[in-house]
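Colleague: okay, predicted coordinates and the sequence, questions at the end:
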Amino acid sequence: MTNWNQVHTDVLEWLKEAGKKITDSFTHTLQIQTKSDRNDLVTNIDKQIEQYFIGKIREKYPEHHILGEEGYGENLHNTEGTIWIIDPIDGTVNFVHQQRNFSISIGIYEDGIGKLGYVYDVVHKELYHAIAGTGAYFNGNKLPKLEEPPLSDAIVGVNATWLISNKHVPIENLHKLVRDVRSTRSLGSAALEMAYIATGRFDAYIAMRLSPWDFAAGKILVEELGGKITTVKGESLNLLEGSTVFVSKPGLHEKILHDYLLK
Ligand code: IPD
Ligand code: CA
Ligand code: CA
Ligand code: CA
């Protein structure tokens, strides 16, 4: 049986240490490489931080499985057992260009059910975490359940790229959504954008292509507070596959889904 209190204590310590490694790197020259295209960046620090967590987890919890963006974890084919889903730096482009607005994202699942979720905004020292069934917290303070805002007051996270073209939702529908809400934002760290829904800084977030490590922690956080997370078609997310993602406060989720995304 996993001692979740102990896991939580360990994660807090490891996040602190990893955060320090990242901020210490600011004074050094980064080794930057590209992945799928010239805008898809990875640095030596992304790799180092993923390896740091994997080393700690393997030492302390050798029976747990690990899925990590940079590939130092495992290739998993099912969600049995305990799985740590890790994005060592979510928002690498921001990390490289801005040295801010990125996060460490860790979601821990047991047999496919979210248990612990962490999104750590390293530079602002803002930690969002959730203990499923117990609550979600911002810097240790318990967050209230999410309430439905009027659509006309909503702040929606969406990347402008998807408003130019995407394969999933007619762009006229997205343009109408942009006109009908109060405003849109694009932060560049999916995990942080989901965490922003937990604290009410955002009301909804739409992305047309995310991987499990982008949404694993945010899903646990938002669901713990009564929010909803699905694909843009309203389907459940698969923890081992990439997909579109639509996260929102309750009520608003149904409204945006039916009146805009599925129309
Ligand atoms: C990216 C960020 C970004 C999202 C991309 C992700 P990375 O993650 O979350 O906001 O739009 O789809 O790949 O590569 O910086 O960890
Ligand atoms: Ca990446
Ligand atoms: Ca990511
Ligand atoms: Ca990443």
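Modeller: Received, thanks. Residues are numbered from 1 along each chain as shown. Ligands and ions are numbered 1, 2, ... in the order given.
Colleague: gap between Q99 and ligand 3?
Modeller: 17 Å (C-beta to the ion, to the nearest Å). Placement of C-beta: from N, CA and C, glycine included.
Colleague: also A18?
Modeller: Relative to ligand 3, and taking C-beta to the ion, A18 is found at 15 Å.
Colleague: element containing that residue?
Modeller: helix 4-25 (DSSP states H and E).
Colleague: contacting residues for the spatially closest residue to K145 that is not a sequence neighbour?
Modeller: Nearest residue to K145, sequence neighbours excluded (C-beta to C-beta, 6 or more residues apart in numbering): G226, at 4.7 Å. Taking C-beta atoms under 8 Å, 6 or more residues apart in numbering as the criterion, G226 is in contact with K145, L146, P250.
Colleague: the second one against M194, yeah?
Modeller: So that's L146. No. Judged on C-beta atoms under 8 Å, L146 makes no contact with M194 at a distance of 11.9 Å.
Colleague: in helices only, show me the contacts of G226.
Modeller: Nothing among the contacts of G226 maps onto helices, per DSSP state H.
Colleague: ligand 3: which of those residues is nearest?
Modeller: L146 (23.1 Å; C-beta to the ion).
Colleague: hang on, the earlier thing: who touches the helix holding A18?
Modeller: The contact list for helix 4-25 (C-beta under 8 Å, 6+ apart) reads 45, 48-49, 52-53, 56, 60-61, 88-89, 95, 104, 106, 108, 115-116, 118, 120, 122-123, 125, 127, 129, 131.
Colleague: and what of stretch 40-60?
Modeller: Contact partners of stretch 40-60, identified using C-beta under 8 Å, 6+ apart, comprise 10, 14, 17-18, 21-22, 25, 30-35, 64, 66, 68-70, 72-73, 84, 86, 88-89, 92-93, 95-96, 104, 106.
Colleague: just to revisit the earlier point, could the contacts of G226 be laid out in JSON lines, adding distance to S186 and pLDDT?
Modeller: Formatted as JSON lines, the contacts of G226 follow (distance: C-beta to C-beta, whole Å; pLDDT from 0 to 100):
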{"residue": "K145", "distance to S186": "27", "pLDDT": "98"}
{"residue": "L146", "distance to S186": "21", "pLDDT": "98"}
{"residue": "P250", "distance to S186": "23", "pLDDT": "97"}
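Colleague: drop anything exposed from those residues.
Modeller: L146 (16 or more other C-beta atoms under 10 Å).
Colleague: how many neighbours does R179 have?
Modeller: Counted with other C-beta atoms under 10 Å, the neighbours of R179 add up to 7.
Colleague: I should have written K263 there, sorry.
Modeller: Count around K263 with other C-beta under 10 Å applied: 12.
Colleague: give the contact list for K249.
Modeller: Contacts of K249 (C-beta under 8 Å, 6+ apart): L146, E147, E148, P149, I197, D203, A204, G227.
Colleague: if I look at it, what pLDDT would I see?
Modeller: With respect to pLDDT, K249 scores 98.
Colleague: buried ones in stretch 146-164?
Modeller: L146, E148, P149, L151, A154, I155, V156, G157, V158, N159, W162, L163.
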